[in-house]
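Trainee: Below is the sequence, then the predicted model.
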Amino acid sequence: MFFPLSKLIFFVLTPSNFLILLGLLGCLLLFTEFGRGVGRIVTCAGFLGLLAAGLSPLSAWVLGPLENRFPAFADDERPVAGIVVLGGAVEADTSIGRNQITVNDAGEREIALADLARRFPQARLVFSGGAGSLREDAVSEAEIVSRYADTLGVPRNRLILEQQSRNTHENAVFSARMVQPKPGERWLLVTSAWHMPRAVGCFRKAGFDVTAYPVDYRTNWPRDATRFASFASDGLGELDIGVKEWIGLIAYKLAGYTEAVIPSP
């Protein structure tokens, strides 16, 4: 129940969707006899909200604290037993339709997979990513990564594929169950910097001690703190990601999937 409910909540509360729905509600009120005054206010609020959310530095202020929570990985030559790369970057349907691996803006996760596989040839490689869809026939991201492992330059026989997870909580639980990490082993966790706090929290809760390897930064802090977006679509996209992630952090804490709203490094 948590998975479909989270999809619905995220759809409504995503800033771009919420502001559009707000503006639509205002427009509808304009056609009612008693709601014209309120309709004007609500319509203006929706329009001005889209303007501010899309062009102002608001998205950087929302994403910055998440991306800066865990520092970039520094190789101190300690042995690395394994690497876990989380899904969320592969567009499975498009990959199948176009017969090539297709990634979204989080494609640095796959780049890191290939790079770390080369740098740590003895490490175990785990790719954790199911379909993340409500459709029962959806193809998992892990299947696509396996299918196009040669394109990524990753030996297919090194890949440990976790294909059942639909969210970050299941990434952690299913990966821990599959590889059963031993105490003292060093495992790198690869995911987007803005997603790292929730991911680390879930893995810790699952008893899987990991070292953060953040990628896919969306802000250049502190420069972006006062930088306005050139395109409203860019600002809205980043704000959507940031707000959804903050909602996810709170929801995961309430659901007992993490010990803290924002886990510490």
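Mentor: Looks like it came in fine. Numbers count the residues shown, from 1 in each chain.
Trainee: Just the strands from the stretch 151-265 of the chain, written as ranges.
Mentor: Secondary structure of the stretch 151-265 of the chain (DSSP state E, counting those that start in this stretch): strands at 159-162, 187-192, 211-215.
Trainee: Let me know which of these is the nearest to Met178.
Mentor: Nearest of those to Met178, taken as CB to CB: strand 159-162 at 5.6 Å. For every residue, glycine as well, the C-beta is placed using N, CA and C.
Trainee: residues in contact with the residue most central in space within the chain?
Mentor: Centroid-nearest residue in the chain: His195, 5.0 Å away (criterion: CA atoms, centre = their mean). Residues in contact with His195 (CB atoms under 8 Å, 6 or more residues apart in numbering) are Leu66, Leu86, Gly88, Thr168, Glu245.
Trainee: Most neighbours among these, which one?
Mentor: Leu86 (27 neighbours; other CB atoms under 10 Å).
Trainee: Phi and psi next, for that residue.
Mentor: phi -90, psi 150 (degrees, to the nearest 10).
Trainee: Quickly list what it is bridged to.
Mentor: When assigned by DSSP bridges, Leu86 has beta-bridge partners Ser128.
Trainee: Going forward, the N-terminal residue is numbered 41.
Mentor: Done: numbering now begins at 41, and the last item shifts to Leu126.
Trainee: how close does it sit to Phe58?
Mentor: 27 Å (CB to CB, to the nearest Å).
Trainee: and if you look at Ala295?
Mentor: The value you get for Ala295 to Phe58, if CB to CB is used, is 22 Å.
Trainee: Could you check which of those two has the larger neighbour count?
Mentor: For the pair Ala295 and Phe58, the greater number of neighbours falls to Phe58 (18 against 11), based on other CB under 10 Å.
Trainee: how many neighbours does the closest residue to that one other than its chain neighbours have?
Mentor: Leaving aside its sequence neighbours, Phe58 sits nearest to Val52 (CB to CB, 6 or more residues apart in numbering; 6.5 Å). For Val52, the count of nearby residues is 9 (other CB under 10 Å).
Trainee: next one: Glu117
Mentor: Around Glu117 there are 5 residues (other CB under 10 Å).
Trainee: And the pLDDT at it?
Mentor: For Glu117, the pLDDT comes out at 90.
Trainee: Tell me where this protein has helices.
Mentor: For the chain, the helices defined by DSSP state H cover 42-53, 55-69, 76-95, 98-107, 132-138, 148-159, 181-187, 189-192, 208-219, 236-245, 272-295.
Trainee: CA atoms of the last one as CSV?
Mentor: What follows is helix 272-295 as a C-alpha-only set of coordinates in CSV (Å, rounded to 0.1, in the frame of the first residue of the first chain):
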residue,chain,number,x,y,z
ALA,A,272,11.5,28.0,-16.0
SER,A,273,11.4,24.3,-16.9
ASP,A,274,14.9,23.8,-15.5
GLY,A,275,14.0,25.5,-12.2
LEU,A,276,10.7,23.6,-11.9
GLY,A,277,12.3,20.3,-12.6
GLU,A,278,15.0,20.8,-9.9
LEU,A,279,12.5,22.0,-7.4
ASP,A,280,10.2,19.0,-8.1
ILE,A,281,13.1,16.7,-7.3
GLY,A,282,14.1,18.5,-4.1
VAL,A,283,10.6,18.8,-2.7
LYS,A,284,9.8,15.2,-3.5
GLU,A,285,13.0,14.2,-1.7
TRP,A,286,12.2,16.1,1.4
ILE,A,287,8.7,14.6,1.5
GLY,A,288,10.3,11.2,1.0
LEU,A,289,12.7,11.8,3.9
ILE,A,290,9.8,12.7,6.3
ALA,A,291,7.6,9.8,5.0
TYR,A,292,10.4,7.3,5.4
LYS,A,293,11.1,8.4,9.0
LEU,A,294,7.4,8.1,9.8
ALA,A,295,7.2,4.7,8.2
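Trainee: average pLDDT for that helix?
Mentor: Taken as a whole, helix 272-295 has a mean pLDDT of 95.
Trainee: tell me what it is packed against?
Mentor: helix 42-53, helix 55-69, helix 76-95, helix 98-107, helix 208-219, helix 236-245 (3 or more CB pairs under 8 Å, 6 or more residues apart in numbering; DSSP states H and E).
Trainee: Just say which of the strands of the stretch 191-305 of the chain is most tucked in.
Mentor: strand 227-232 (a mean of 25; mean count of other CB atoms under 10 Å).
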